[in-house]
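>>> Have a look at this prediction, sequence included:
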Amino acid sequence: MELARLVVVFARVGILNELQYRVNFFFQILESAIALLTALISLALVFRHTTMLAGWQPAELLVVMGIYGLMSGIVQAVIQPNMVRLARDVFDGRLDYILTKPVDAQLLISIREWQVWRFTNVGLGLLVAGVGMIWGQIGFDVWQALLFVGMLLCGILALYSFWLILTSTSFIIVQIENLINLFEGLFAAGRWPVSIYPGWLRVLLTFVVPVAFAVTVPAEALTARLTGATLVLAVGVSVGLFVIARLCWRWGLSRYSGASA
């Protein structure tokens, strides 16, 4: 109950802040449209030379592209802004203000920043995925919907955990912009199913940077490709990453000396 109340409060503040700059909404729509158009052109170019890519048909790849857009929107709207702010607060010593609050510090640093216009990517991603399912005449039932939502939540948890692990290095590394840029470059590979990549890259995008669990696995759930083994692995990896992220966060705090140092 407390978590829900805090999320609502911070989300409301974020919305009010963003509403001061409403023109940003139109720029965000333009940016999202250009990114989508570029991705669709890439997809069209690929299928000028083949009718199937690593077992994925064009409509199914459109679903993958939609899930990628959805996840990108969530990362850009909530996860990334909060993690970047955390890194700045560690550098400036302003994390002290969070640590004095009578609420779990990890919770507060994870929900206090909201860039709501970025959620346009979420809506656009769902639209693209829906078009892909209609185009490919992909069946959809209640069980599939539950699997999709479950794998989506696992993917969000995995991405959040990875970002927290990455940002926790700011307690010992002054500048982490290069690490963030590296993640963004690797996450861009999520526009395509991880099965199309070479073995070494597939392992990297599955167990190091959780692109597979964030994008490919939810897309597999939506297109009836998900196996029981993959489902169990996705849940296990997501929970495991969260535990590791929690330990990294607590380790980082143990090395934080505050603004008075």
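Great, that's in hand.

>>> Setting the sequence-adjacent residues aside, check what's closest to L36.
Of all residues not flanking L36 in the chain, L124 sits nearest, at 6.3 Å (CB to CB, 6 or more residues apart in numbering). C-betas here are computed from N, CA, C, even on glycine.

>>> Tell me if I'm right that the one you found and L37 touch.
No. Using CB atoms under 8 Å, L124 is not in contact with L37; the gap is 11.3 Å.

>>> Neighbour count: the two, which is higher?
L124 (20 against 10; other CB atoms under 10 Å).

>>> Tell me who's in contact with that one.
Residues near L124 by CB atoms under 8 Å, 6 or more residues apart in numbering: S32, A33, L36, G69, G73.

>>> neighbours around A158, how many?
If you count neighbours by other CB under 10 Å, A158 ends up with 25.

>>> okay, it: pLDDT?
pLDDT for A158: 95.

>>> for the one 4 residues further on, same thing?
At F162, the predicted lDDT confidence score is 92.

>>> Report how many residues lie close to it.
With other CB under 10 Å as criterion, F162 counts 24.

>>> And the one 4 residues further on, by the same measure?
Applying other CB under 10 Å, we find 19 other residues in the vicinity of L166.

>>> residue contacts, the nearest residue to it once chain neighbours are set aside?
Excluding the flanking residues, the one nearest L166 by CB to CB, 6+ apart is L179, at 5.6 Å. By CB under 8 Å, 6+ apart, the residues touching L179 are L166, T169, I173.

>>> now do C154
Contacts of C154 (CB under 8 Å, 6+ apart): F213, V217, A234, V235, S238.

>>> got the buried residues for the helix or strand encompassing the second one?
Following DSSP states H and E, the helix or strand that holds V217 is helix 217-222. Across helix 217-222, burial judged by 16 or more other CB atoms under 10 Å covers V217, P218, A219, E220, A221, L222.

>>> and the gap between the residue lying closest to the second one once chain neighbours are set aside and E177?
The one in question is P218. Ranked by CB to CB, 6+ apart and with sequence neighbours excluded, the top spatial neighbour of P218 is M151, at 4.4 Å. Distance of M151 to E177, computed by CB to CB, to the nearest Å: 31 Å.

>>> still on that earlier bit, who's in contact with the residue nearest to P218?
Contact analysis of M151 by CB under 8 Å, 6+ apart lists F213, V217, P218, E220, A221, L226, L231, A234.

>>> Please compute how far the helix or strand that contains F91 lies from its chain's middle.
In this structure, F91 sits in helix 80-92 according to DSSP H and E. Chain-centre distance of helix 80-92: 17 Å, with CA atoms, centre = their mean, to the nearest Å.

>>> Check which element follows that helix along the chain.
Following helix 80-92 in sequence, per DSSP H and E, is helix 95-99.

>>> which parts of the helix or strand where W143 lies are buried?
In this structure, W143 is located in helix 142-168 according to DSSP H and E. The neighbour-count check on helix 142-168 (16+ other CB under 10 Å) flags 144, 147-148, 150-152, 154-168 as buried.

>>> picking that back up, mind giving me a markdown table with the contacts of C154 and columns for distance to L201, pLDDT and secondary structure?
Putting those into a markdown table (distance: CB to CB, whole Å; pLDDT from 0 to 100; DSSP: H, G, I helix; E, B strand; the rest coil) gives the following:
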| residue | distance to L201 | pLDDT | secondary structure |
| --- | --- | --- | --- |
| F213 | 15 | 90 | helix |
| V217 | 17 | 94 | helix |
| A234 | 19 | 93 | helix |
| V235 | 24 | 95 | helix |
| S238 | 21 | 95 | helix |
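
>>> Tell me where the stretch 1-150 of the chain has helices.
Using DSSP state H, counting those that start in this stretch, the helices of the stretch 1-150 of the chain run over residues 2-18, 23-46, 58-74, 80-92, 95-99, 105-111, 120-135, 142-168.

>>> Mind giving me the packing neighbours of the second one?
If contacts are counted by 3 or more CB pairs under 8 Å, 6 or more residues apart in numbering; DSSP states H and E, helix 23-46 sits against helix 58-74, helix 120-135.

>>> what is the orientation angle of the longest one with helix 120-135?
Right, helix 58-74. Inter-element angle recorded for helix 58-74 and helix 120-135: 170 degrees (by axes from the mean of the first three to the mean of the last three CA atoms, to 10 degrees).
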